[in-house]
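Enquirer: Attaching a predicted model along with its sequence, questions to come.
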2 protein chains.
Amino acid sequence: MINKIVLLVALILVYVSRNSSAVWASVGFGLIGYVFSDWLIPRVGDSFIKIGLFGKDLSKPGKPIIPETIGAVTATVYIFTMLFCIPFIFYKDMVVTTSGGGHRDISITENGTSNGSFFPHNKLSEFLSAVLCLQTTTMIGIADDLFDLRWRHKVFLPAIAAIPLLIVYYVDFGVTYVLVPNFLQKWVNGRTTVNLGSLYYVYMAAMSIFCPHSINILAGVNGLEVGESIVLGILAVFNDALYLLFGPEVSHESHKLSIIIIAPFIGVSYALWKWNRWPAKVFVGDTYCYFAGMVFAVVGILGHFSKTMLLIFVPQIINFLYSCPQLFHIVFCPRHRLPRFNEKDGLLYPSTADLVENPPKKFFIPILKLLGSLNLIRLEYVDNGKKDTIKSCTNMTLINLTLVWFGPMREDKLCNKILMINFIIGIIAILTRHLIGTLLFGTDNLRPITAF
Amino acid sequence: MINKIVLLVALILVYVSRNSSAVWASVGFGLIGYVFSDWLIPRVGDSFIKIGLFGKDLSKPGKPIIPETIGAVTATVYIFTMLFCIPFIFYKDMVVTTSGGGHRDISITENGTSNGSFFPHNKLSEFLSAVLCLQTTTMIGIADDLFDLRWRHKVFLPAIAAIPLLIVYYVDFGVTYVLVPNFLQKWVNGRTTVNLGSLYYVYMAAMSIFCPHSINILAGVNGLEVGESIVLGILAVFNDALYLLFGPEVSHESHKLSIIIIAPFIGVSYALWKWNRWPAKVFVGDTYCYFAGMVFAVVGILGHFSKTMLLIFVPQIINFLYSCPQLFHIVFCPRHRLPRFNEKDGLLYPSTADLVENPPKKFFIPILKLLGSLNLIRLEYVDNGKKDTIKSCTNMTLINLTLVWFGPMREDKLCNKILMINFIIGIIAILTRHLIGTLLFGTDNLRPITAF
């Protein structure tokens, strides 16, 4: 019943969008995507289990088996939604602006050569490259879920998916300089900008690698991957809304595109979250993590606010930096770093890495002890009277750190706490960026806010 | 060693293409795609078998198990190849024509508004929509191979994949009229063209549905799906070459795009064929059939020669029409219609449908008898002295018909014979189209040929 009302609202939005903004069409399709995903997910679970795509939920009594890789369904619904969405997003351009087909209004350039139509082919290229990139990422995710690709193979694959984006960026904008903060300008001979040239493309490729993997490593609790993706989506839309309300006219197109890409993403993700939250009926798989991370990389790159986008990834960046000692095998990294489930009280406890059999690199022991004294990790020492040999340390993930700080708790409480922290840090990051933008660069692109 | 030489040639072609035609880059990438597929396919087989993607080769002694769905590897390599190919295809436009980035050369239109850059965004949209469509088709194929989708679900899915194509067609060309042959003009008040309007889009969507499925139903012999796809590719390139050599200048862009899309396809398909031909080491799966069929639909639609493209599909169309009685359950259709393998002599014999337990629809019995007397099917009658009750008929596929006509033969011989028939029919179709184009329409777009 509720889903039928949602569908009705969606159809009204799509209809209304014809004469107003394409953003409403994408919100409408987001709702349609939500309803369809919500309908589809419970219906495909058995088929996934049948072909071996299932996993054990280790944090539940009896370790029940539930379908894995359901994120592939979500990603596919998203991509199909975006395909259906295209005619509505470009409705105005196709029907209103060009009176019924771009080909019919040929424009003549100054030197007399025909230069195509009034139809904004560059916007269409942007949109197609975004969908193409997300679909390639989804395929990489599915391959990983099916075949368990090795890290050294899969780590750089998202950059290949990003090629269409980088091409479109190159031909449409090609802006490769970055602003230099006031206090750093003396180091670069007083220049206010530095041209990074092709390094800027390396940076964007790196972003397309980082975002997917960063979501993938902050995972392991029912509902967390999807929840944080939704939080990131809301933060991004919040930032877009700030620009659309207070930002300069020239930035509006980018932020509209951002909402057009993110709104359907939030829709399908919310449906997935309903089935993945505690107690999970389905797992999302690597596919969803890659896909979700890439959504934000795409928006950041095509919207030219990749640096602002990285700001809302601060929790993921912190988690990545915090994980580095284990990711790069300076400290022993067990196969799983999920919190430990205690069947007796039903709570999650921080999991630990055994450092007796697998001692950490020598130079890192003092750092470990420092982290321990700062309460950024919990250490156990071998019981020989003096605290000199570390027996174990809690695994270095934000999830375990939350448990170290706030004590053992039930899985859903833990997930919600991390999501709340994520949201608060994100809001602070966005506001800080605009408030201190003036201090660092002498100007900010949201004038009315920084006018205070 | 040979592969290393091929790679070297490929790199030279890609390098040369910078100052000549993008077609050479795509041929180069086709060779790279060939080498990479050829390297990859034997290395992934075990992983596919491990996750349950394998099939029994029913036409071999002992019915060995070999990996299934390897076409997904081919399709993925193709898509990655195309992604890598983009910068080289648009190299001239990005670097030469626009002196280093489309954004730097803004053109001004007559009414004074800025109309974007000299960069051919419409060409980029075409290319991206093609890759997007093929990737969506591949995902549909993978879903079918993994989950064995029902016919009623999967039959229309390729049309969704074609949405980006239809959009690009709409905004770039929007031509929806068709020429009327001279002898039919009296039926339409003497008009030389008829505007099909939105029906033309229905026709293109139907083509995107027909091509993938038509390859899928002409299958079942080692190497046949891949072989016929390569034959179709060669025929399409032959047709393109005719246009590039003799056709009007205005058609050159379409036929270059056609070669750019098909050349890498032939490359990766040839690698797959090496492993799929008799005796097959791998099966290609539905994924490859869908993907291959869609390549031709894409080229036909974007190149505006969808009707010529359908001409080279004549064998597939004949196979489809011939199969209709069984596809629509007028005549009983067994689960498999593969030829029957005789272990004693190692030859394939036509397989049959038992019509005693599952009698055909009454009205069709005379037609069956007619087909039988025309040697278009082989009938067996119940042995009661008079030929009135049909006991069985050979299954209605081109494969079985070939065996009816030419007698039992070994699998590879059968495959080669069908491929040869396919090739000859295709060549005749293309030549006929240009030779009788003048008769039917009063003019043909290949003037020098029809001048005879």
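Expert: Good, I have the coordinates. Computed from a prediction, not measured in an experiment: that's the story for all the values here. Numbering: from 1, shown residues only, chains lettered A, B, ... in the order given.
Enquirer: Give me the contact list for stretch A:402-420.
Expert: If you take Cβ atoms under 8 Å, 6 or more residues apart in numbering or on different chains as the criterion, stretch A:402-420 is touched by A:59, A:221-224, A:227-228, A:231, A:277-279, A:339, A:341-342, A:345-350, A:375, A:377-378, A:394, A:398-399, A:421. To be clear about C-beta, it is placed using only N, CA and C from the backbone, and glycine gets the same treatment.
Enquirer: Drop anything exposed from those.
Expert: Buried subset of these (neighbour count, 16 or more other Cβ atoms under 10 Å in any protein chain shown): A:59, A:221-224, A:227-228, A:231, A:277-278, A:339, A:341, A:347-350, A:377-378, A:394, A:398-399.
Enquirer: quick revisit: of the contacts of stretch A:402-420, which belong to helices?
Expert: A:Leu224, A:Gly227, A:Glu228, A:Val231, A:Leu398, A:Ile399, A:Ile421 (DSSP state H).
Enquirer: Using PDB, list the CA coordinates for stretch A:376-390.
Expert: The C-alpha coordinates for stretch A:376-390 follow below in PDB (Å, rounded to 0.1, in the frame of the first residue of the first chain):
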ATOM      1  CA  LEU A 376      43.300   4.500  19.900                       C
ATOM      2  CA  ILE A 377      43.800   0.800  20.200                       C
ATOM      3  CA  ARG A 378      43.500  -1.700  23.100                       C
ATOM      4  CA  LEU A 379      46.600  -3.700  23.800                       C
ATOM      5  CA  GLU A 380      47.100  -6.800  25.900                       C
ATOM      6  CA  TYR A 381      50.500  -7.600  27.200                       C
ATOM      7  CA  VAL A 382      52.100 -11.000  27.900                       C
ATOM      8  CA  ASP A 383      51.600 -11.600  31.600                       C
ATOM      9  CA  ASN A 384      55.200 -11.500  32.800                       C
ATOM     10  CA  GLY A 385      54.900  -8.700  35.400                       C
ATOM     11  CA  LYS A 386      56.400  -5.900  33.100                       C
ATOM     12  CA  LYS A 387      54.600  -4.500  30.100                       C
ATOM     13  CA  ASP A 388      57.200  -5.200  27.400                       C
ATOM     14  CA  THR A 389      55.800  -7.900  25.100                       C
ATOM     15  CA  ILE A 390      52.500  -7.200  23.300                       C
END
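Enquirer: Please name the residues that touch the closest residue to A:Thr69 other than its chain neighbours.
Expert: Excluding the flanking residues, the one nearest A:Thr69 by Cβ to Cβ, 6 or more residues apart in numbering or on different chains is A:Gly285, at 3.5 Å. Contacts for A:Gly285 (Cβ under 8 Å, 6+ apart) come out as A:Leu53, A:Glu68, A:Thr69, A:Ile70, A:Gly71, A:Ala72, A:Gly141, A:Asp145.
Enquirer: how far away is A:Ile89 from chain B?
Expert: Distance, A:Ile89 to chain B, using Cβ to the nearest Cβ, to the nearest Å: 10 Å.
Enquirer: List the contacts of that residue.
Expert: By Cβ under 8 Å, 6+ apart, the contact set of A:Ile89 is A:Ala22, A:Ala25, A:Ser26, A:Phe127, A:Ile260.
Enquirer: what's the neighbour count on whichever residue of the stretch 301-450 of chain A sits closest to chain B?
Expert: Of all residues in the stretch 301-450 of chain A, the one sitting closest to chain B is A:His304 (11.9 Å; Cβ to the nearest Cβ). The tally of other residues near A:His304 (other Cβ atoms under 10 Å in any protein chain shown) stands at 15.
Enquirer: where are the low-confidence patches of chain A?
Expert: A:95-118, A:438-452 (pLDDT under 70).
Enquirer: Provide the secondary structure category for the residue most central in space within it.
Expert: Nearest to the geometric centre of chain A sits A:Gly293, at 3.1 Å (Cα atoms, centre = their mean). Per DSSP: H, G, I helix; E, B strand; the rest coil, the local secondary structure of A:Gly293 is helix.
Enquirer: Quick one: residues contacting the nearest residue to the residue of the stretch 301-450 of chain A closest to chain B once chain neighbours are set aside.
Expert: The shortest distance from A:His304 to any non-neighbouring residue, by Cβ to Cβ, 6+ apart, is to A:Ser254 (5.7 Å). By Cβ under 8 Å, 6+ apart, the contact set of A:Ser254 is A:Tyr243, A:Leu302, A:Gly303, A:His304, A:Phe305.
Enquirer: Most remote residue from the middle of chain A, which is it?
Expert: Within chain A, the residue lying farthest from the chain centre (Cα atoms, centre = their mean) is A:Gly385, at 46.8 Å.
Enquirer: mind checking the SS state of that residue?
Expert: Quick answer, by three-state DSSP: A:Gly385 is coil.
Enquirer: what do you get for A:Leu124?
Expert: The three-state label given to A:Leu124 by three-state DSSP is helix.
Enquirer: what's the spacing between it and B:Lys92?
Expert: Computed as Cβ to Cβ, to the nearest Å, the A:Leu124 to B:Lys92 distance reads 21 Å.
Enquirer: which one of those two has more residues nearby?
Expert: More crowded of A:Leu124 and B:Lys92, by other Cβ under 10 Å: A:Leu124, with 28 against 17.
Enquirer: which ones are touching that one?
Expert: So A:Leu124 contacts A:Phe90, B:His121, B:Ser125, B:Ile167, B:Val168, B:Val171 (Cβ under 8 Å, 6+ apart).
Enquirer: swap in A:Leu302?
Expert: A:Glu126, A:Ser129, A:Ala130, A:Leu165, A:Val168, A:Tyr169, A:Ser254, A:Leu257, A:Ser258, A:Ile261.
Enquirer: For the stretch 351-452 of chain A, what lies in contact range of chain B?
Expert: Contact residues, the stretch 351-452 of chain A versus chain B (Cβ under 8 Å from any Cβ of the partner chain): none.
Enquirer: For the stretch 351-452 of chain A, which segments count as helices?
Expert: A:365-373, A:398-406, A:411-441, A:447-450 (DSSP state H, counting those that start in this stretch).
Enquirer: surely A:Asn222 meets A:Trp278?
Expert: Yes. If you go by Cβ atoms under 8 Å, A:Asn222 and A:Trp278 touch, sitting 4.1 Å apart.
Enquirer: Can you list the buried residues in the host helix or strand of A:Cys133?
Expert: If you go by DSSP states H and E, A:Cys133 is part of helix A:121-147. Neighbour counts over helix A:121-147 (16+ other Cβ under 10 Å) mark A:121-146 as buried.
Enquirer: How about residues contacting whichever helix or strand comes after that helix?
Expert: Later in the chain than helix A:121-147, the nearest helix or strand by DSSP H and E is helix A:151-154. Helix A:151-154 is contacted from outside by A:Ile140, A:Asp144, using Cβ under 8 Å, 6+ apart.
Enquirer: cutoff 10 Å now
Expert: Here helix A:151-154 makes contact (Cβ atoms under 10 Å, 6 or more residues apart in numbering or on different chains) with A:Ile140, A:Gly141, A:Ala143, A:Asp144, A:Phe147, A:Asp148, A:Pro212, A:His213, A:Asn216, A:Asp286, A:Tyr290, A:Leu327.
Enquirer: Kindly reformat those residues as a markdown table containing distance to A:Leu13.
Expert: Listed next are these as a markdown table, based on distance: Cβ to Cβ, whole Å:
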| residue | distance to A:Leu13 |
| --- | --- |
| A:Ile140 | 32 |
| A:Gly141 | 30 |
| A:Ala143 | 35 |
| A:Asp144 | 35 |
| A:Phe147 | 40 |
| A:Asp148 | 41 |
| A:Pro212 | 30 |
| A:His213 | 34 |
| A:Asn216 | 33 |
| A:Asp286 | 33 |
| A:Tyr290 | 29 |
| A:Leu327 | 43 |
